[in-house]
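# coords please:
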Amino acid sequence: MLWYVYILRCGDGTLYTGITDDVDRRLAVHRSGKGAKYTRGRGPLEVVYIQKVPDKSAALKREIAIKKLTRQEKEQLIKEVQK
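This is a model prediction of the structure:
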């Protein structure tokens with residue numbers, strides 16, 4: 001089963017990184033206010049980065065790696081995907 005690592009850009013300009021096996025469903029949960037506590041009240045939310053990974057373990061490892069990046073490094077990662 002494929003998993004995904006994603007980055008959301010929140011309405012206040014901050015970035016949120018998470019994992020899921022269904023990006024559309026997870027975004028809907030975030031937008032409903034029932035997702036991560038961090039994203040509540042920070043809408044609108046936009047998915048700006050998605051990376052497919054082979055399993056949940058790989059997704060968790062990649063999420064941790066992305067969360068360790070600086071803001072500038074995250075923005076560069078997002079730019080590279082949008083090319």
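
# Model confidence score at Gln82, please.
What the model reports for Gln82 is a pLDDT of 77.

# What segments of this structure are helices?
Under the criterion DSSP state H, helices of the chain are mapped to 23-31, 56-67, 71-82.

# which residues touch the first one?
Applying Cβ atoms under 8 Å, 6 or more residues apart in numbering, the set of residues contacting helix 23-31 from outside is 4, 6, 8, 18, 20, 35-36, 39, 43-45, 47, 50. Any C-beta I mention is one placed from the backbone N, CA and C, and that applies to glycine too.

# just to revisit the earlier point, could the helices of the chain be laid out in a markdown table, adding distance to Gly13?
What follows is those, written out as a markdown table (distance: least, Cβ to Cβ, whole Å):
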| stretch | distance to Gly13 |
| --- | --- |
| helix 23-31 | 16 |
| helix 56-67 | 17 |
| helix 71-82 | 10 |
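
# who wins for most neighbours among the contacts of helix 23-31?
Comparing those on neighbour count, Leu8 comes out first with 25 neighbours (neighbours: other Cβ atoms under 10 Å).

# Now do the end-to-end distance for stretch 8-22.
Between the opening and closing residues of stretch 8-22 lies a distance of 14 Å (Cα to Cα, to the nearest Å).

# cool, stretch 25-43 as well?
Terminal residues of stretch 25-43 are spaced 16 Å apart (Cα to Cα).

# could I get the helices of the chain as CSV with mean neighbour count and distance to Thr14?
CSV is the format used below for the helices of the chain (neighbours: other Cβ atoms under 10 Å; distance: least, Cβ to Cβ, whole Å):
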stretch, mean neighbour count, distance to Thr14
helix 23-31, 15, 13
helix 56-67, 15, 13
helix 71-82, 12, 9
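
# list the contacts for Asp21?
When contacts are taken as Cβ under 8 Å, 6+ apart, Asp21 is in contact with Met1, Leu2, Trp3, Tyr4, Lys56.

# and if you look at Leu2?
With Cβ under 8 Å, 6+ apart as the criterion, the residues that contact Leu2 are Asp21, Lys52, Val53, Pro54.
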